[in-house]
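Colleague: Any chance you could fold what I've pasted below:
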Amino acid sequence: MFFNIFRTSDAIDNISVSPILGVALVEYSNGYAYEYTNVSRRAILNLMANPNMSLGFWVNDNCHAKRAKCEQLAYA
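Modeller: Model prediction:
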């Protein structure tokens, strides 16, 4: 099950996360979309619990970590 995170961000248009699967689907403002797998489940739950957390900082810290894997999905 994926949860949409609704926050304003200059860099990110949309982010959906699955704490069970450890997956984050990120659509950037420039039109690119990526699927990040093996994302920390604890970090995903922390993002869901803290409404003031910056999406851009969260993606940089958790989706661009060495453990996470990235796959480009689309370009709009």
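Colleague: Report the beta-bridge partners for the residue nearest the centre of the chain.
Modeller: Residue closest to the mean C-alpha point of the chain, counted by C-alpha atoms, centre = their mean, is residue 24 at 4.2 Å. For residue 24, the beta-bridge partners are residue 17, residue 36 (DSSP bridges).
Colleague: Report the contact partners of residue 5.
Modeller: 15, 16, 17, 47, 48, 55 (C-beta atoms under 8 Å, 6 or more residues apart in numbering). (C-beta placed from N, C-alpha, C; glycine too.)
Colleague: Would you write a PyMOL line that selects the buried entries of these?
Modeller: To isolate the buried members of these in PyMOL, using 16 or more other C-beta atoms under 10 Å:
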select buried, resi 15+17+47+55
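Colleague: rewinding a little: isn't the residue nearest to the centre of the chain right up against residue 59?
Modeller: Yes: assessed by C-beta atoms under 8 Å, residue 24 is found in contact with residue 59 at 7.5 Å.
Colleague: tell me the secondary structure for residue 7?
Modeller: Using DSSP: H, G, I helix; E, B strand; the rest coil, the structure places residue 7 in coil.
Colleague: show me the contacts for the residue nearest to the centre of the chain.
Modeller: Taking C-beta under 8 Å, 6+ apart, we find residue 24 in contact with 15, 16, 17, 18, 35, 36, 39, 44, 59, 62, 63.
Colleague: again, only this time at 7 Å
Modeller: If you count contacts by C-beta atoms under 7 Å, 6 or more residues apart in numbering, residue 24 has them with 15, 17, 36, 39, 44, 63.
Colleague: from what I can see the fourth one touches residue 21, true?
Modeller: Spelled out, it's residue 39. No: with contact defined as C-beta atoms under 7 Å, residue 39 does not reach residue 21; the gap is 9.0 Å.
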